[in-house]
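Asks: next comes the sequence, and after it the predicted model I'd like to discuss.
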Amino acid sequence: PEKTWDRDRSTMETETSALLPSGKEIIQEAPNRKKQLLLSAVAGLFVFGTVANVAPNMLSSQSLSETDSLQMKFSNEYTATLGHPGTDYHWVKDGYLVEPYRSTAVSITGIPDTLDESKLTTSCVGTHKQSGEKIYGTNSGGAQCQMKFLKVGDYTVEASIISSDTEQVLTTSMDVQSRYVRRDIRKLTEEDKANYLNAARTLYDITTADGVKIYGENYKCMVYFGTLHLENGVPDKQHDRLHDGMGFLTQHLSMTNEYELSLQSVTPSIAMPYWDFTQDITMIRDKAHANKREVDYKDLWDLDIWQEDFFGTSDTHLHTVTKGRWAYTRVPSITRDAEVANAFGLLRAPWNFETSPYVTRYHKSCGDNVGGKGDANTNQWPTCATHHYAVSSIDSFAFFTGYMAVDGHGGVHSYIGGAGGDCDDWSDLTALVGPERVSSMKQFGPYYGRFIWREDMCSMPDSDKCSDISSGKCKLECSGCAEDKFTEAEMSSYSGLFGAMNGVSDFQKEQMVRKVYCDTKTAVGEQIEANSAIDVSFWPIHPTLERLLHYKQMVNPLTNFDWDGSLWRSDWSSGCCWGDMFDTDCTGHYEESPTVGKSYVYDDEEGDWMLKSMTNRAMLEAAFTTHTYKNAYVYQDFSYEHCAREGITFKKIPKQ
């Protein structure tokens, strides 16, 4: 596209420069040629709503005085259904935000009644304020033209309208802002949805080395992003640079921004969509109420988002997608240090005993349905009420970060990933400890491996022991499992990680520990562990949290920005939960910790847009919707209409 536009620009500039010395020759051309050359001349000559150095006989005496009434309107394929984008941001003028690489219709209104619009031809030129580069529109008949803006930033758009029968020339100009627009993934056009998902598929199919040759230096493949999340989520047993700390939100937003850049290298018009997963609960509640039955959270899997043309339907037996573009998507094989390696050489967390080479979604947690039935049993899937609380009742960034990390989105990962393997057999304990305790164990089954690995209570088997899964050697090697009885210290350590053990006898505790730690190989679905980024459904989740933060800053702003994790939980250190637990630092979670992903933002010092790594604090400030907003994108709107059906009102954003 850039070469095409450069060629158009070169042609236009050549014509224009040839016409500059004399307007007299233009008037003497045949009528059709006169119209063409006059249009080119004016496109090169007018500046900021005036026409300079044009021969008097080229313009009527009324042409300049009447330009004051002209206005420009900008629209694309979304305008009619969703309205103009970004109008809730106080710095966006309604109707004057355009989108890079998206065909934009520029319509000129206020044309004098004396002119016949069928005899008008319009020329449009856009000048990028930061670089000075120009783009040229194409006339689409009458007082309108089509343009494609090729950069993020600010443009001055100048238009000239020529009447073929009166030779009258009208000019006008307008400043516009060019930003990517992030929209609800369910509201994308079919073409945009396909472009997004196909570009995402490309990241799985083409390596970084090959992709850079084809698409440019911003291209990164899915192995890169999967490894980025895994290596920063599990750098060692005492650290997690992405989760359980103050950097959770900013770090994930930085990764999303770099992922978006990679998608844009494949298809430049793509903006990262968001998935408002609170809608999903509303949708299945509507279905249940319409059918006069209890809410069943298994219905989530029947929604549009999990169909073949979206993220794909996971087979309930193979636990992977078997149809469509995501069918049998492979988890990359890797060679890693033994301390953090998956025993089967796959890009997965070290505690994950999943053997399938494909991206896995379990639908269940250790054989039990995730969630169950009834409005009160959501297994922490976020609802309108969850997000409304964040907007209405939280005043500190620390509390907002912790709340959104757990209540605000964690259940989505849990539900999609799920768990299976030997933990399905925990039902054998029902007669000993009762169904409620067993159900609790199963719902939290996906997390036990993570806790014991970090606490160094068990060691993971190496790849040699797991080369033959049927040998019985491929299992956790936990303290005390080889003995007839656990020591008091061992039981105390295990019990501290096992809430379901509260209130049971020592004998029951020992049987529960042996079942969970000594005899179980728990397999965990991608979305619930450290390689969650490898599942395509991972990526639209976190923009939803940022969108909620933008909305909150407009209607009920945070007032406390102290970088202190203890404002969320008293057992956290200032930066993260692992700091006090392991008497270590909180790398990745401090204010000045660099983000692991790069973002394309406006740099005040350079006076231009730049791709760079930022600190957590700078990343947060770039997302503020007041005076420091520096991101290359906005969100289409902040509508939460579905929540009104649940009796929850997100108030309208006041106009400034």
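Replies: In hand now; what should we look at?

Asks: please count neighbours and contacts with C-alpha atoms only from this point.
Replies: Will do.

Asks: let me see the contact set for the nearest residue to Tyr629 once chain neighbours are set aside.
Replies: Distance criterion CA to CA, 6 or more residues apart in numbering; nearest residue to Tyr629, sequence neighbours excluded, is Ala622 at 4.7 Å. By CA atoms under 8 Å, 6 or more residues apart in numbering, Ala622 lies in contact with 601, 628-631.

Asks: selection in PyMOL covering whichever of these are buried, please.
Replies: Typed into PyMOL, the next command selects the buried ones out of those (criterion: 16 or more other CA atoms under 10 Å):
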select buried, resi 601+629+630+631
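
Asks: do you know the pLDDT at the residue nearest to Tyr629?
Replies: pLDDT, Ala622: 90.

Asks: before we move on, the earlier item: format the contacts of Ala622 as CSV; extra columns: distance to Cys577, secondary structure and pLDDT.
Replies: Shown next, in CSV, are these (distance: CA to CA, whole Å; DSSP: H, G, I helix; E, B strand; the rest coil; pLDDT from 0 to 100):
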residue, distance to Cys577, secondary structure, pLDDT
Val601, 30, strand, 95
Thr628, 30, coil, 76
Tyr629, 30, coil, 90
Lys630, 30, coil, 93
Asn631, 29, strand, 96
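
Asks: could you identify the most distant pair in the contacts of Ala622?
Replies: Val601 and Thr628 (11.0 Å; CA to CA).

Asks: secondary structure class for Asp113?
Replies: coil (DSSP: H, G, I helix; E, B strand; the rest coil).

Asks: can you report phi and psi for it?
Replies: Dihedral pair for Asp113: phi -60, psi -20, per degrees, to the nearest 10.

Asks: quick check, Trp568 in contact with Phe397.
Replies: No. The pair Trp568 / Phe397 is not scored as a contact, 9.1 Å apart, by CA atoms under 8 Å.

Asks: neighbour-wise, which of the two wins?
Replies: Phe397 (23 against 20; other CA atoms under 10 Å).

Asks: measure that one to Asp276 for me?
Replies: Distance, Phe397 to Asp276, using CA to CA, to the nearest Å: 21 Å.

Asks: what's the answer for Met554, then?
Replies: 19 Å.

Asks: let me know the closest of the contacts of Ala622 to Asn369.
Replies: Nearest member of the contacts of Ala622 to Asn369, counting by CA to CA, is Asn631, at 40.3 Å.

Asks: would you map the helices across the stretch 401-550 of the chain?
Replies: Ranges of helices in the stretch 401-550 of the chain, per DSSP state H, counting those that start in this stretch, are 410-417, 430-433, 435-443, 445-454, 488-496, 506-513, 541-555.

Asks: kindly reformat the contacts of Ala622 as CSV containing distance to Tyr96.
Replies: Output for the contacts of Ala622, formatted as CSV (distance: CA to CA, whole Å):
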residue, distance to Tyr96
Val601, 20
Thr628, 20
Tyr629, 17
Lys630, 18
Asn631, 17
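
Asks: surely Ser566 meets Trp572?
Replies: Yes. In this structure, Ser566 is within contact of Trp572 by CA under 8 Å, at 5.0 Å.

Asks: show me where pLDDT drops low in the protein?
Replies: 1-68, 335-341, 371-379, 471, 627 (pLDDT under 70).

Asks: now do the same contact list for the residue lying closest to Cys577 once chain neighbours are set aside.
Replies: The shortest distance from Cys577 to any non-neighbouring residue, by CA to CA, 6+ apart, is to Asp244 (5.8 Å). For Asp244, the contact set (CA under 8 Å, 6+ apart) comprises 402, 405, 576-578.

Asks: what of His229?
Replies: Counting by CA under 8 Å, 6+ apart, His229 has contacts 242, 530-533.

Asks: out of the residues you listed, which end up buried?
Replies: Looks like the contacts of His229 have 242, 530-533 buried, using 16+ other CA under 10 Å.

Asks: report the beta-bridge partners for Ser396.
Replies: For Ser396, the beta-bridge partners are Asn560 (DSSP bridges).

Asks: sitting in strands, which of the buried ones among the contacts of His229 do you find?
Replies: Of the buried ones among the contacts of His229, none are assigned to strands by DSSP state E.

Asks: what about Met610, which SS state?
Replies: strand.

Asks: thought it was touching Asp604?
Replies: No. Met610 is not in contact with Asp604 according to CA under 8 Å; the separation is 10.1 Å.

Asks: more crowded one of those two?
Replies: The residue with more neighbours, out of Met610 and Asp604, is Met610; 14 against 10, by other CA under 10 Å.

Asks: look up how far Phe451 lies from that one.
Replies: In this view, Met610 and Phe451 are 40 Å apart by CA to CA.

Asks: and if you look at Val92?
Replies: For Val92, the distance to Phe451 equals 47 Å [CA to CA].

Asks: then Met554?
Replies: According to CA to CA, Met554 and Phe451 sit 39 Å apart.

Asks: again, but for Gln177
Replies: 48 Å.

Asks: all strands in the stretch 101-250 of the chain, in order from the N-terminus.
Replies: 104-109, 120-128, 134-136, 138-139, 144-147, 153-163, 169-178, 180-182 (DSSP state E, counting those that start in this stretch).

Asks: make that the stretch 351-500 of the chain, sorry
Replies: 364-365, 368-369, 419-421, 458-459, 477-478.

Asks: adjacent strands (with direction) for the last one?
Replies: The pairing partners recorded for strand 477-478 under DSSP bridges are strand 458-459 (antiparallel).

Asks: neighbours of the residue nearest to Gly588 when sequence neighbours are not counted, how many?
Replies: In this structure, Gly588 finds its nearest non-sequential neighbour in Arg241, 4.3 Å apart by CA to CA, 6+ apart. When neighbours are counted by other CA under 10 Å, Arg241 registers 25.

Asks: residues touching Arg241, list them.
Replies: So Arg241 contacts 232-235, 247, 586-589 (CA under 8 Å, 6+ apart).

Asks: now with 7 Å, please.
Replies: By CA atoms under 7 Å, 6 or more residues apart in numbering, the contact set of Arg241 is 232-233, 587-589.

Asks: how close does it sit to Pro235?
Replies: Per CA to CA, Arg241 is found 8 Å from Pro235.

Asks: next: Ala343.
Replies: From Ala343 to Pro235 the distance is 16 Å (CA to CA).

Asks: who's more crowded, those two?
Replies: Between Ala343 and Pro235, Ala343 has the larger neighbour count (other CA under 10 Å), namely 25 against 14.

Asks: count of residues packed around the closest residue to the more buried one other than its chain neighbours?
Replies: Leaving aside its chain neighbours, Ala343 sits nearest to Ser463 (4.7 Å; criterion: CA to CA, 6+ apart). Using other CA under 10 Å, the number of residues around Ser463 comes to 15.

Asks: pull out the buried positions in stretch 594-613.
Replies: 594-602, 609, 613.

Asks: which one among these gets closest to Trp351?
Replies: Checking the buried residues of stretch 594-613 against Trp351 with CA to CA, the nearest one is Val596 at 23.2 Å.

Asks: so who does that closest one touch?
Replies: 251, 254-255.

Asks: from Tyr219, how far out is it?
Replies: Val596 is 16 Å from Tyr219, by CA to CA.
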